[in-house]
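Chemist: can you look at this prediction? I've put the sequence above it.
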Amino acid sequence: MLKEWPLVAFTILGQTAVGVFAVFHLPFLVRGRLPGSGWRLTWIVTLAIVVLITAAAAFVSFFHLRHPLRARYALSNLRTSWLSREILFELAFGGLVVLEGWLAFVRPASRGTLWPVIVAAGLAGALFIVSMARLYMLPALPAWSGAYTPLSFLLTTLVLGAVGTEVIARGLAGPGAFELNLTGIALVLVAAEILLAVVLAPRHGLRGVRPGPSLRPTDDAPRRFHRARIVLLALASVCLALDLATGGSDIMNEKGIGLALLLAFVLMLAGEIAGRFHFYGLVARPGE
């Protein structure tokens, strides 16, 4: 199971990149405007971070390939392969985010020019996450084929996107700059993710898919990762609640992330990693 670390890193990084991009742009999309002059630095830095995370996800994915030099063939079966589509949409997402960053940096913001790029990048990111989930939803693998897989991937995207965006915004634009309580939203999303893990997680959730009879010895490692995920996410929610209670997002505060929010992000990231190791541990590989 630990051999799957490239897939764990790839999925977590990819979902974080899409989540930060979506959460950052959503308030501006709702208001029908682009980040103004006071947001330009935060906007460009956020896009740069999204590009770096996406590139890191693509890089670590090579460690999962037995023959990395043959990676170019992964795009050869777009008609039927979700793996090919996943790679295509990741490349499209990263390229469109680079284009948006370049347009935002070299010329004044123009809705007529930038909105189509932003919408296209958001669509590519959404299709990237959908392809990532569909890749594992095979009828022959009941542990992965149910609703738990897309719901888990979606919540990871939103949770890490919300907290990651809040960390960036507080560090560059200051607390309360978004006029949107991302910490409170993240707290609700983390609670939903804990509930999903407790109730629907395959094998270990209260109503999760149960494996059929098998002669293989029972592996307790997935259960340990499942428990670790719940504990880490619960601790992250405590830190988020503490940040809310102490007014960490108060607009009157000076620029700075804040210890509670930073610790919440670290615990949340650790919880998502544990959850992803649990996910891959649900299906035994040949030779395990």
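Modeler: The structure has been received and is ready for your questions. Numbering: from 1, shown residues only.

Chemist: in this structure residue 255 contacts residue 172, no?
Modeler: Yes - Residue 255 is in contact with residue 172 according to CB atoms under 8 Å; the separation is 7.3 Å. C-beta coordinates here come from the backbone N, C-alpha and C atoms, glycine included.

Chemist: what about the two, which has more around it?
Modeler: residue 172 (16 against 12; other CB atoms under 10 Å).

Chemist: got the contact list for that one?
Modeler: 41-42, 45, 255 (CB atoms under 8 Å, 6 or more residues apart in numbering).

Chemist: so where do the helices sit in the chain?
Modeler: Along the chain, counting by DSSP state H, helices occupy 5-31, 40-61, 82-106, 111-134, 142-145, 148-172, 182-200, 221-245, 259-281.

Chemist: ok, which of those helices comes nearest residue 209?
Modeler: helix 142-145 (5.1 Å; CB to CB).

Chemist: tabulate the contacts of residue 172 (TSV), appending pLDDT and distance to residue 203.
Modeler: TSV is the format used below for the contacts of residue 172 (pLDDT from 0 to 100; distance: CB to CB, whole Å):
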residue	pLDDT	distance to residue 203
41	88	47
42	91	42
45	95	41
255	76	45
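
Chemist: what's the burial count for residue 16?
Modeler: Using other CB under 10 Å, residue 16 is surrounded by 25 other residues.

Chemist: mind listing what's buried along stretch 258-269?
Modeler: Buried residues in stretch 258-269, counting neighbours by 16 or more other CB atoms under 10 Å, are found at 258, 260-265, 267-269.

Chemist: greatest separation within these: which pair is it?
Modeler: Largest separation among the buried residues of stretch 258-269 by CB to CB: 258 and 269, giving 16.5 Å.

Chemist: which regions of the chain sit below the pLDDT cut-off?
Modeler: 1-2, 37, 64-76, 108-109, 211-220, 251-252, 285-288 (pLDDT under 70).

Chemist: before we move on, back to that, for residue 207, find the nearest of the helices of the chain.
Modeler: Closest among these, using CB to CB: helix 182-200, at 5.5 Å.

Chemist: how about the closest one: buried residues?
Modeler: Buried residues in helix 182-200, counted by 16+ other CB under 10 Å: 182-183, 185-187, 189-190, 193-194, 196-197, 200.

Chemist: CA atoms only for that helix, dumped as CSV, please.
Modeler: Extracted in CSV, the C-alpha atoms of helix 182-200 (Å, rounded to 0.1, in the frame of the first residue of the first chain):
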residue,chain,number,x,y,z
LEU,A,182,-13.7,30.5,4.0
THR,A,183,-12.8,29.2,7.5
GLY,A,184,-16.4,28.6,8.4
ILE,A,185,-17.1,27.0,5.0
ALA,A,186,-14.0,24.7,5.5
LEU,A,187,-15.3,23.7,9.0
VAL,A,188,-18.6,22.6,7.5
LEU,A,189,-16.8,20.7,4.7
VAL,A,190,-14.5,18.9,7.1
ALA,A,191,-17.5,17.9,9.2
ALA,A,192,-19.1,16.5,6.0
GLU,A,193,-15.9,14.6,5.1
ILE,A,194,-15.6,13.1,8.6
LEU,A,195,-19.3,12.0,8.3
LEU,A,196,-18.6,10.5,4.9
ALA,A,197,-15.6,8.5,6.3
VAL,A,198,-17.5,7.3,9.3
VAL,A,199,-20.6,6.2,7.4
LEU,A,200,-19.7,5.3,3.8
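
Chemist: counting by contacts, list what that helix packs against.
Modeler: With contacts defined as 3 or more CB pairs under 8 Å, 6 or more residues apart in numbering; DSSP states H and E, helix 182-200 has these neighbours: helix 148-172, helix 221-245, helix 259-281.
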